[in-house]
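S.K.: Give the three-dimensional model of this entry:
(chains A, B and C)
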Amino acid sequence: MLLATIVRLPVTYAAPIMQRIPGRQLLVPAALLPLVLFAYFCTYLSEIISGKTFSFAYSWVPELNINLAFYLDGLSLFFALLISGFGVFIMVYSAEYLRGHPLLNRFYLYLSVFMLSMLGLVLADNLICLFIFWELTSISSYLLIGFSHDNPVSRSSALQALLVTGLGGLALMTGMILLGNVGGTYTISELLTRGELVKSHPLYLPALLLILLGAFTKSAQFPFHFWLPNAMAAPTPVSAYLHSATMVKAGVYLLARFTPVLGGTEVWQYTLVTIGAITALLGALLAVQHIDLKAILANTTISSLGVLMIMLGIGTPAALEALLVFILAHALNKCALFLITGNIDHATGTRDFKVLYGLALNMRPTAVAATMAALSFAGMVPFLGFISKEMLYDATLGAGKAGFLIFSIVFISKVVAILIAIIIGYKLFWPRVSEPTPIHHPCGLNLTIPPMVMASAALAFGMLPGIMATPLIQSALAPIAGKTLFIELKIWHGLSLGLINSIMTFILGTLVYTVHSRIIEFSPRLTPLYNYGPNSIYQFFVTGLVKGSSKLISIIQSGYVRSYISAIVLTMVGLVALSLWNKVPLLNLTQEIKMLHDVRLYELVLLFLILPGLFFLFKTHSRLIAIAIMGIIGYSVALFYILFGAPDVAATQLLIETLTVVLFVLVLHRLPPFRFISHKSKRYKYILISALFGAMMTYVVLLVKQYPLHSELKQFYGDNSYLQGHGRNIVNVILVDFRGFDTLGEITVLAVAAIGIVALLRLRLEKGGKR
Amino acid sequence: MEIILPFLIGILFASGLYLILHRHFFKLILGLMLFSLGTNLFVFVIGRLTRGGSPIIDKTAETATVPYADPVPQALLLTAIVIGLGIQAFAIVLIKRVYQSFNTNDLDELRNAELIEH
Amino acid sequence: MNHLLLLLPLLIPIYGALLCLFSWRNVALQKIIALMAQSALFVTAVLLLLWVNANGIVLTQIGNWPAPFGITIVADLFSCLILLSSTVIGVAVSLYSLYGLDEQRQRHGYYPIMLLLQLGVSGACLTGDLFNLFVWFEVLLICCFVLMALGGTRPQLEASIKYMTINFLASGFLLTGIGVMYGLTGTLNMAELARMVRTPDPDSHQDLVTMASMFFLVAFGIKSAVFPLFFWLPASYHTPPVAISAFIAGIVTKVGVYAMVRLFTLVFIPESDFTLLILSVIAGLTMVIGVLGAAAHYDFRKILSFHIVSQIGYMIMGLALFTPLALGGAIYFIIHNILVKTNLFLISGVVAKQHGTFALKDLGGVYASQPFLALLFGVSAFSLAGLPPLSGFWGKFMLAKAGLETGSYLLVTTSLVVSLLTLFSMTKIWNEVFWKMKPVAENTNTTEATPHLQFLYFPVIFLTCFILFISFFAAPLINLASRAAQQLFHPELYMNAILKPPLK
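M.R.: Numbering: from 1, shown residues only, chains lettered A, B, ... in the order given. Okay, here's the model as predicted:
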């Protein structure tokens, strides 16, 4: 466990260094990493089978209860072995498949990161830690799917996979947080013992649905299945890895892991079985319509994932047992078949099975592997596929009420599997033809050994299930079922119902094969249907997002300063109004009205200087007059300051007003005549906004002024200015002593403004402009 | 007078804002200046008014003789006015430069940098 | 000694700026001075953080006038953290400017103004006085004006006008707000204000205080660019040279958020449902509109600019949720965002230096030609999108957790959907700039040699190291952020520290 962590870090950090090493030199370390991990996990086999578990935790962010906690039991070991074991073959295979690719070094890096993230995911013992690895698989698979980054299809497929699984990831995170809050812990192994507590909590349902959403997106369940076939834009070894032991199995692992906490309720059962059934059926139907071998396989993966979800939903010991056996069988078969497709693509340059003939002639090892893998995929004796198929049939038929319906869906899925198996295992390779498809690149050992090993493994597991598969599966079953169950895998059940079903499947599959070409001819007519499918909805969302936001933003961020300012001022007025909405404080004006008698004449004179001034300001066409009026208004305000005991302010105001007027005249006198560029239609709107704003400000002043103010500061400054500040002008003492710090900032502003003005006038990086 | 000043403040704010909402640079800058006049007067008035009574301690006294105007808003205002000068001066020069560069008086013609380019 | 440490963040930039002004004609010397000043500031900020971490809130009274009468300089964990992150990007941007900014602008006061901008940040973070806060904001503002317009290219001038007008209004609102607060309480010291607001008063003006808080909400809302007040930001941040926009984009809006968080935890008690509701609405809309803006644009820096808006929403969300965890998340998020956003702007600069454009349609092929730059971008971009275990994730996680605990499901859902859209627009840049093949330009002006390009990598690597550190070793910063949030959540700590001995 420790090793897994230690290995992870340097590899993740090694990225910049690895950019410089050519890819071919990296095969050995890249393949050695999964191999060592596989061997390492194998050393735990005997102890895990005897029922022990191991855990290891490294404190990460204790503040949030997030730890790098790992936990090894039968289930995680089962997955860890799959991930690392398949990893070895994928690495070896890629070395030849992508030989000479300039970015092979990065490919190894991404693949290693991806593999380690998957391992972290299945080993994690902390909800958030699991989620982190979950997202890491998303991002590394994004880089892998978009590996052929020059190709727009690759890029958009990668983005699609990232967004769909990212959506699920966010749902998962929310679900995890809820689950952690409900269960009172983020440690998964502790949570597993609190199933009853969780299931009886009101937040159980949202948590469950969110986690299911996460699992469904990752495991390509309807209606999120569409990203998986598109993800075949990735190089074939990546597809093989994603489809067999990793990525799509993450959702299955997650739900299997949480079965003791979340499973067994009606919602769980109905959701999983329904969604699984739809997915299984849909995948099967889609698979028969394609001619691209990779697309066919991708759709059968969807179908198989649906079957896995059904098994999880049924949740009986028989179903869970079938689940695990099917995971193993599916991983072996699917990986082998993908790699074989890769070989065909590599050798002939096409994946269209209609133009591929007689390949066995020139690719014999691949042909043998293909046939074996196809036999297992079709569920033939004595391969593991057969055992798994029998178990699936038994489990569905034992599922109670809807058993037969579920059975028939699994049955259809298997019929399609037979069809595919006939195509890949027989049609492409063996029929004698006069002109076999020409081979451009021969397949080396690196390309033929991995599928061969996998097909042989499927055979070996099928022949000797008792020795090779049973103990591991039994120990993997225990954590899901919550108790140890003794199981026995047998290749021969006698003349049972299962066997009859298998024979029926085979016969039907062969029949479908005979009409397959007609199905394919018919399939383009279904295209209009796909226009309403999830893939189109996704496209609609993405393009709609870009277009819609463009429209929205060009309205909001229109470029017109006055709309910005209107929005800001209206917000201001609105917020002030809202804040006083509940209890509008009444203005008590009687006191103030009495004060009207107190108004002195010269005060009124000032007022009558300002108001007409403003009026003329609006009307004038002359810049100079406008400047002069501004001066008058400024001086009048300064006089108010004098009247109310603020001679210093008044002096400053007068000085500054003069300065501004001078500056105005100096700087702006050479502008062209003062034109009116009015906006008549909107004028009233702006007048209204301005009036509202002015009224609000008046209201605020009146409101605040009607409360008495006891200013400590006034008292203190009045008492201490002379005694402690040694100045008789209190305002000055405040400015230079009590609050001298403000003055520092004030000087800074002036200095910066001066620098800015100089820079603005002297530095003109663009030519022209000056007339 | 105390009753009139709040209304004067409102008028200053309103006319300042109205000028800012114009398209013309020159009016924009006039509006900004009116707005800041309004702001200053606002701060002054809301700190309560005292007629006469400058906050200056008599030669003969050691502490200020009541009633005297609250010196705090005055000190704040002095700082704010000077800061305002710096910013207004910069704004005026900026306007000049914008006019030289774009050869227009119209704010609405300054939208190019914000448009969405595909 | 202690007082000196508190004042150094203010003194260093002042002296640095003065020295730069004295060596006006000697740009090389200015570079050295600026770099040294920024580094010294960084060291000071680290020391200050360690000191505050050990001793709790520290303060000094300017001129030794007791608390409500003079101006208090005060540092708690929150202000130290913001200060520290501003100095980190200060160092990075100074490094970048050495080779990344044209000679002309450097000759016309770039360095002194940069340092004075830093002074404004330090002042705003450290002051304990409401009006003094206004003064520092004005310093920030005028520095931003000048930097924004420095060089006087047409887009810059166009942006400056809008920037100036709107921020001028914001200052006006801030000043009127301060006036209202003084008119209600007769004091300006923030601790004293906090105490007066909390003291039950016979002629209780609680409603009026809420009303006054709206002035500050709008003023700082404009400064920090929340919806519907953010317009100046996308209108201006893409126009100045990268060194300038990186610094301004990194820190200025966050100082606005800082001030908002400070006032709305200390002075205005947002336990009133009204304020929290308003903040939640603002947070949600800011996130959504910002991210939609990013989705709409096809210019490297415009996308980044709109993302600033969107990310501000997350910070406000932390304030709106108003639990210690949420505030801690917001603080972590602010720091993360300062670093990441600056880094992304700098990266956009490195790309544009080589390819001569920010338009996505004319860019491409960087993934193949400069894998290392792609990696650096990937770290920052995916961090911004909140992918684990990068830094953005931690902030997002803390906020989501806090939101789920308080039952704010709508806000949490919004924030998560927005993070997906963030991922979408980050991958848009990734797709167009890095993965896509470089389109064949009609007139190839891209071949012009860019000397010293490798030096531009230094600041980016420098910031990326910080980002990776707070990602993989998130615990210390999360711990600090949580404790900073605890301090904010217990304003009596702040009040008691400043009003010693408690006045009657």
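S.K.: Chain neighbours aside, what residue packs nearest to residue 163?
M.R.: All of this is about chain A. Leaving aside its sequence neighbours, A:Leu163 sits nearest to C:Phe424 (Cβ to Cβ, 6 or more residues apart in numbering or on different chains; 6.3 Å). C-beta: built from backbone N, CA, C; applies to glycine.
S.K.: that's the wrong chain, I meant chain C
M.R.: Nearest non-adjacent residue to C:Tyr163, counting by Cβ to Cβ, 6+ apart: C:Ser236, 4.4 Å away.
S.K.: do the same with B:Pro6
M.R.: A:Val701 (4.1 Å).
S.K.: Quick one: residues contacting the residue positioned nearest the centre of chain A.
M.R.: With distances taken as Cα atoms, centre = their mean, A:Gly166 lies nearest the centre of chain A, 2.1 Å away. A:Gly166 is in contact with A:Glu135, A:Ser138, C:Leu420, C:Leu423, counting by Cβ atoms under 8 Å, 6 or more residues apart in numbering or on different chains.
S.K.: Which of these ranks first by neighbour count?
M.R.: Counting neighbours by other Cβ atoms under 10 Å in any protein chain shown, C:Leu423 leads the contacts of A:Gly166 with 28 neighbours.
S.K.: Settle this for me: it is touching A:Leu159, isn't it.
M.R.: No: counting by Cβ atoms under 8 Å, C:Leu423 does not reach A:Leu159; the two are 9.3 Å apart.
S.K.: now the strands for chain C?
M.R.: C:58-61, C:72-75 (DSSP state E).
S.K.: Distance-wise, check the spatially closest residue to C:Phe216 that is not a sequence neighbour relative to C:Tyr494.
M.R.: Sequence neighbours aside, C:Gly177 is the residue nearest to C:Phe216 in space, at 4.8 Å (criterion: Cβ to Cβ, 6+ apart). Using Cβ to Cβ, to the nearest Å, C:Gly177 is found at 20 Å from C:Tyr494.
S.K.: got it, and C:Arg154?
M.R.: Distance from C:Arg154 to C:Tyr494, by Cβ to Cβ: 47 Å.
S.K.: Ok, A:Ile314 next?
M.R.: A:Ile314 is 60 Å from C:Tyr494, by Cβ to Cβ.
S.K.: on that earlier part again, so which of the strands of chain C comes closest to chain B?
M.R.: strand C:72-75 (15.8 Å; Cβ to the nearest Cβ).
S.K.: tell me what that closest one is packed against?
M.R.: helix C:2-22, strand C:58-61, helix C:110-126, helix C:491-498 (3 or more Cβ pairs under 8 Å, 6 or more residues apart in numbering or on different chains; DSSP states H and E).
S.K.: which one in chain A is furthest away from the centre?
M.R.: Centroid-distance maximum for chain A: A:Leu601 at 71.7 Å, with Cα atoms, centre = their mean.
S.K.: quick one on the thing from earlier: ok so the residue nearest to B:Pro6 is a helix residue?
M.R.: Yes: counting by DSSP: H, G, I helix; E, B strand; the rest coil, A:Val701 falls inside a helix.
S.K.: Test my guess that it contacts B:Val43.
M.R.: No: taking Cβ under 8 Å as the definition, A:Val701 is not a contact partner of B:Val43, at 10.0 Å.
S.K.: For residue 26, report the pLDDT, please.
M.R.: Going with chain A. The model reports A:Leu26 with a pLDDT of 73.
S.K.: Chain B, not that one
M.R.: Note for B:Phe26: predicted pLDDT of 82.
S.K.: Make sure it is actually in contact with A:Met630.
M.R.: No: counting by Cβ under 8 Å, A:Met630 is not a contact partner of B:Phe26; they are 10.8 Å apart.
S.K.: Would you map the helices across the stretch 351-500 of chain A?
M.R.: For the stretch 351-500 of chain A, the helices defined by DSSP state H, counting those that start in this stretch cover A:364-378, A:384-397, A:403-422, A:445-463, A:465-468, A:470-481, A:497-522.
S.K.: and A:Trp60, that's in a strand?
M.R.: Yes: A:Trp60: assigned to a strand according to three-state DSSP.
S.K.: what packs against the longest helix along chain B?
M.R.: Criterion DSSP state H: the longest helix present in chain B is helix B:71-102. With contacts defined as 3+ Cβ pairs under 8 Å, 6+ apart, the packing partners of helix B:71-102 are helix A:647-668, helix A:712-720, helix A:730-733, helix A:740-762, helix B:25-46, helix C:130-149, helix C:154-185.
S.K.: ok, the residue lying closest to A:Ala421 once chain neighbours are set aside - how many residues close by?
M.R.: The shortest distance from A:Ala421 to any non-neighbouring residue, by Cβ to Cβ, 6+ apart, is to A:Ala378 (3.5 Å). A:Ala378 has 26 neighbouring residues, counting by other Cβ under 10 Å.
S.K.: and A:Ala378, what does it touch?
M.R.: If you count contacts by Cβ under 8 Å, 6+ apart, then A:Ala378 has A:Gly385, A:Ala417, A:Ile418, A:Ala421, A:Ile422, A:Gly425, A:Phe506, A:Gly509 around it.
S.K.: returning to that earlier point: most tightly surrounded among the strands of chain C?
M.R.: By mean neighbour count, with neighbours taken as mean count of other Cβ atoms under 10 Å in any protein chain shown, strand C:72-75 ranks first of these at a mean of 24.
S.K.: List of residues touching that one?
M.R.: Identification of contacts with strand C:72-75 by Cβ under 8 Å, 6+ apart yields C:6-7, C:10, C:48, C:52, C:57-62, C:83, C:125-129, C:189-191, C:494, C:497-498.
S.K.: 7 Å instead, please
M.R.: Applying Cβ atoms under 7 Å, 6 or more residues apart in numbering or on different chains, the contact partners of strand C:72-75 are C:6-7, C:48, C:52, C:57-62, C:126-129, C:189, C:498.
S.K.: same check, this time on stretch C:22-37
M.R.: With Cβ under 7 Å, 6+ apart as the contact definition, stretch C:22-37 has outside contacts at C:12-13, C:16, C:19-20, C:94, C:98, C:103, C:106-107, C:111, C:114-115.
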